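Enquirer: A predicted structure for the sequence below; I have some questions about it.
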Amino acid sequence: MEYPDLRQSPQKLGCYIGVGMKKREIARQLARQSGVTAGEAADRLDFAVHEILARLRQGKAADLPGVGTFSLNQDGKLAFVRENEKRHG
């Protein structure tokens, strides 16, 4: 899957490009599992995505405990390593 160049300005970059689920679906699942409203779950999801993007734009990796690590390669393309792949290889 081709990911966008994350060095672009936030206005040009949709936060949920290349994700298999839509934001609404993710927020609903988060709401069900955490007992908050879908709106609150969507706000939390937006915050997490924006924090990840901010770290990447600063040239830092963004770790999601239990999931994996997002980083940028030398071409500015998004790279993701699942947590279980970090341990095994």
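Expert: Sure thing, it's come through.

Enquirer: where exactly do the strands run in the protein?
Expert: For the chain, applying DSSP state E gives strands covering 62-64, 68-72, 78-82.

Enquirer: could you dump those strands to a markdown table with mean neighbour count and mean pLDDT?
Expert: All C-beta spots, glycine's among them, are computed from the backbone N, C-alpha and C. Listed next are the strands of the chain as a markdown table, based on neighbours: other CB atoms under 10 Å; pLDDT from 0 to 100:
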| stretch | mean neighbour count | mean pLDDT |
| --- | --- | --- |
| strand 62-64 | 16 | 92 |
| strand 68-72 | 18 | 92 |
| strand 78-82 | 14 | 89 |
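
Enquirer: for residue 42, find the nearest of these.
Expert: When those are compared by CB to CB, strand 62-64 sits nearest residue 42, at 17.8 Å.

Enquirer: show me what the closest one is packed up against.
Expert: Judged by 3 or more CB pairs under 8 Å, 6 or more residues apart in numbering; DSSP states H and E, strand 62-64 is in contact with helix 38-57, strand 68-72.

Enquirer: name the helices or strands packed onto the longest one?
Expert: Packed against helix 38-57, as judged by 3+ CB pairs under 8 Å, 6+ apart, are the following elements: helix 23-34, strand 62-64, strand 68-72.

Enquirer: would TSV of those with distance to residue 51 be doable?
Expert: Converted to TSV, those look like this (distance: least, CB to CB, whole Å):
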stretch	distance to residue 51
helix 23-34	15
strand 62-64	7
strand 68-72	11
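
Enquirer: with that, I have no additional questions.
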